[in-house]
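Novice: give me the fold of what follows.
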Amino acid sequence: METQLPTLFVPHGAPTFALRPGAAGAALAEMASSLPRPRAIVIVSPHWDTEAPTVGHAKKLGTIHDFYGFPPELYQLNYPATGCPEGASEVAAAIAAAGLPVREVPSDGLDHGAWVPLRLMYPDADVPVIPLSLQSHAGAAYAYRLGEALAPLVNKGFLVIGSGNITHNLRDYMIARQNGGQTPNYVRDFPEWMHAQLLSSDTDALLRYREQAPEAAQAHPSDEHLLPLYVALGAAGKGAAVHRFHAGISDYVLAMDAYTFTPVH
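Specialist: From the prediction side, this is the model:
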């Protein structure tokens, strides 16, 4: 019997989230433990950004420490994920069937946007992983369309995960750190606007968030960290049941909201 899974949007925070998972990490672990075992995970991270959708088909996926200036112990962490070449071909075929360009490459591994949350969710690295790239230049509507292309896979046991953050402004992080850790109002207001639109299934408003949401340009000076949410939302299909299973703030300015989108049949 084929397994029905939700799609997920999860935060990956700063790289130090791997060392200090806190309440958000506990929420990710609890959510993953409640799900049926996926056949494979398709994960979209803002840190793998390409011109066209690109699927990684390696048999083994290395742990990429794509950051600098962090505690030495962070660079010792590894996530020994296995790939899923057969599943990667299915992902590529689904994207092509939706009329989108697609490439398959032997992936170098998982960037921190992928391995940090996966290490918290599936610490035994016992579920195969298929990395899928983001196209930040193409905007929210394209990310949503990419997600829609993945929707047939959700009914075949694939767990589609978008990894990012509901707010992401590193300049404001530096300012907050220098000014005693004050959290700007938009770090609370913007996630609540997103939550309201998601609950009301207002896809048009969500796709036009940069014009309609409060302080959207400050919440996301560039929107690559929000776009994985649209992939997850699109993959769940229209009318999906929305559940925010965690809300909180990390490092002054990173909203750590996490969502399930459950397809309705």
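
Novice: can you show me the helices along this protein?
Specialist: Chain-ordered helices for the chain, with DSSP state H as the definition, fall at 22-34, 85-97, 112-121, 139-154, 170-178, 186-199, 203-207, 209-212, 216-219, 227-236.

Novice: mean pLDDT lowest for which of those helices?
Specialist: Per-stretch mean pLDDT for the helices of the chain is lowest at helix 170-178 (a mean of 90).

Novice: tell me which residues in it are buried?
Specialist: Along helix 170-178, the positions that meet the burial threshold by neighbour count (16 or more other C-beta atoms under 10 Å) are 172, 176. Heads up, the C-betas are built off the backbone N, CA and C, glycines and all.

Novice: distance between that helix and the chain's centre?
Specialist: A distance of 23 Å separates the centroid of the chain from that of helix 170-178, by C-alpha atoms, centre = their mean, to the nearest Å.

Novice: go on, stretch 256-265?
Specialist: Averaging C-alpha positions (C-alpha atoms, centre = their mean) puts stretch 256-265 12 Å from its chain's average.

Novice: distance across it, terminal residue to terminal residue?
Specialist: Using C-alpha to C-alpha, to the nearest Å, the end-to-end distance of stretch 256-265 comes out at 29 Å.

Novice: with stretch 51-58 instead?
Specialist: Terminal residues of stretch 51-58 are spaced 20 Å apart (C-alpha to C-alpha).

Novice: residues contacting it, please?
Specialist: For stretch 51-58, contacts defined as C-beta atoms under 8 Å, 6 or more residues apart in numbering pick out 48, 83-85, 88-89, 91-92, 95, 100-109, 130-133, 135, 137, 146.

Novice: quick one: mean pLDDT over that stretch.
Specialist: This predicted structure assigns stretch 51-58 an average pLDDT of 96.

Novice: quick check: phi and psi on the residue nearest to residue 186 when sequence neighbours are not counted?
Specialist: The spatially closest residue to residue 186, leaving aside those adjacent along the chain, is residue 215, at 3.8 Å (C-beta to C-beta, 6 or more residues apart in numbering). The phi and psi torsions at residue 215 (degrees, to the nearest 10) take the values phi 50, psi 40.

Novice: what count of nearby residues applies to residue 215?
Specialist: A count of nearby residues for residue 215, using other C-beta atoms under 10 Å, gives 16.

Novice: which of the helices of the chain is buried the deepest?
Specialist: Compared across those, helix 227-236 shows the largest average neighbour count, a mean of 29 (mean count of other C-beta atoms under 10 Å).

Novice: circling back to that earlier point, so which of the helices of the chain gets nearest residue 249?
Specialist: Comparing those by their distance to residue 249 (C-beta to C-beta), the top pick is helix 186-199, with 5.8 Å.
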